[in-house]
Each structure stands twice: as structure tokens, then as C-alpha cells.
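Pasting the sequence and the predicted model now:
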Amino acid sequence: MLNRRTLAIAIAALVGAGAAGAAMAAGPPPASLPDDMSLGNPKAKVQVIEYASMACPHCGHFNEAVFAPFKAKWVDTGKVRYTLREMLTEPVNVAAAGFMIARCAGPAKYFTVVDQVFRSQAKWTEGNIKPIFKDIAAANGVDEAHFTACLSDEAAAEAVAGRAKRAAEEDDVHSTPTLFVNGKRLDPLPQTPAEMDAAIEAALKAPAKGPAPAKKGGH
């Protein structure tokens, strides 16, 4: 889906990420980063961070079964701030392409594209993913010329790979989906809306803590 040079940049940026992760991680991930994509009230007491890959079937299931009701109940009502941090799992070129298209569509359409890519996973077969992505892009204002340019953007490929590498090295995240609620990793991952509700309700009842310091982006 990405041209060879663009894909090579993305893969090169990921080399060694897993090996360094545990040694570099220190405490909970920062509550906000300059390149974050977020939904909901920035001042909400509860901050949820999800690390996900567009090529991850478990992430696709979580998006449909848990995230949709969670968003409606907690994010859309202003009680929770939700942030998605991008990871890359195999096939890396597909995962990177999904995020690159979402960012090319712009902040207002980013999460719509993410949702549509996740929901399209069941239709993926070898050789037909690019047309599916092209249709999703077109439905969100990215015409064919912009779509082609988006997937050929080496700087964008390097940026998404850098975000994934940062998540592994600095936040010690090595599987998807991984969720943090107010800096606490949820283990096990909620499998139902009721389990997610329980995690949010517990965070709402907990004493308020100061936010973790933000880190600089640009990896």
C-alpha cells in the first residue's frame, strides 16, 4: 500500500523499539503530547489513553464492542477525555496507511476514518485493501490525488513510525490494544462495556491527582 521507500522509513524507525522499552519507561505515560489525537473535555477528571494499531483485529473488536458505547456514555457527555496513540502491528504498511489517511483527512475527520478502517477489517483480503481505504478516504473528503500523495508522504510515514516507537520505548507499551485510565494500565483489558464502565466509575471515585508532565513530541 505504501511505496517501498516510504514503507522502509516506517520499518526502520521501529527497529529496536521493543528491546529498549522496559529500560527507558519511567512511570505512567504523559497525559498529553503535542501530536495526540483526542476527544472529549480536556478538563475531565478521567483521562483515558488507548494504544492501538489499525491492523490489529483485537483493536477492531474493541472499537466496535467497547469503544462505541464508552464514547457515547462517557466521552460525549464530557466526563472523560479520550486519547488514541498510534502503534504499528503487522502488516505494518496497512497499519501505517490507515493512520496516515486519518491524519490527511484532518482533525475533524480523524476519528471517523479510524472507526471506518477498523470496521472494514472483516472485508480485507490480499490485494483489495487499498481500494477499501481509497473509498474511506473519499467519503471523508480525501480525493484520489490527495490519497495518493498522502500514502507517498515519507515525512508522514516517519512520523507515524516515530509515534509507535515512542510508545514502545518511553511508555513501555508492546501490545495492542493497551489502555491507561488516569495513568494506570488496565490489566486485564475490559472486554465488555460493563467492564469499561466499572473502570471509569472507579477512576471517578478516586481522589484527584495532578496530571503527569507532558513530554515533547517530534520523535
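Looks like it came in fine.

Mean pLDDT per helix and strand in this structure: which one sits at the bottom?
One helix or strand of the chain scores below all others by mean pLDDT, DSSP states H and E: helix 17-24, with a mean of 46.

After it, which helix or strand is next? Please name it.
Using DSSP states H and E, the helix or strand that follows helix 17-24 in sequence is strand 37-40.

residues of that next one that come out buried?
Within strand 37-40, the residues scored as buried using 16 or more other CB atoms under 10 Å are 37-38, 40. (C-beta placed from N, C-alpha, C; glycine too.)

same deal with stretch 75-93?
So, applying 16+ other CB under 10 Å, buried residues of stretch 75-93: 75, 79-89, 92-93.

Which two of the residues you listed have the greatest separation?
Farthest pair in those (CB to CB) is Lys79 and Asn93. Separation: 37.1 Å.

Where does Arg119 sit: helix, strand or coil?
Three-state assignment for Arg119 (DSSP: H, G, I helix; E, B strand; the rest coil): helix.

For it, which residues are in contact?
By CB atoms under 8 Å, 6 or more residues apart in numbering, the contact list for Arg119 reads 60, 63-64.

Next step: those restricted to helices.
Counting by DSSP state H, the part of the contacts of Arg119 found in helices is Gly60.

Of the contacts of Arg119, which qualify as buried by neighbour count?
Judged by 16+ other CB under 10 Å, buried ones among the contacts of Arg119: 60, 63.

between the buried residues of strand 37-40, which is nearest Thr125?
Met37 (28.4 Å).

show me where pLDDT drops low in the chain?
1-26, 208-219 (pLDDT under 70).

where along it do the helices fall?
For the chain, the helices defined by DSSP H cover 4-14, 17-24, 57-62, 68-70, 92-105, 107-120, 129-139, 144-151, 154-171, 193-205.

Comparing those helices, which comes out most buried?
Mean neighbour counts were compared across the helices of the chain using mean count of other CB atoms under 10 Å; the top stretch is helix 92-105, at a mean of 25.

Brilliant, that's me finished.
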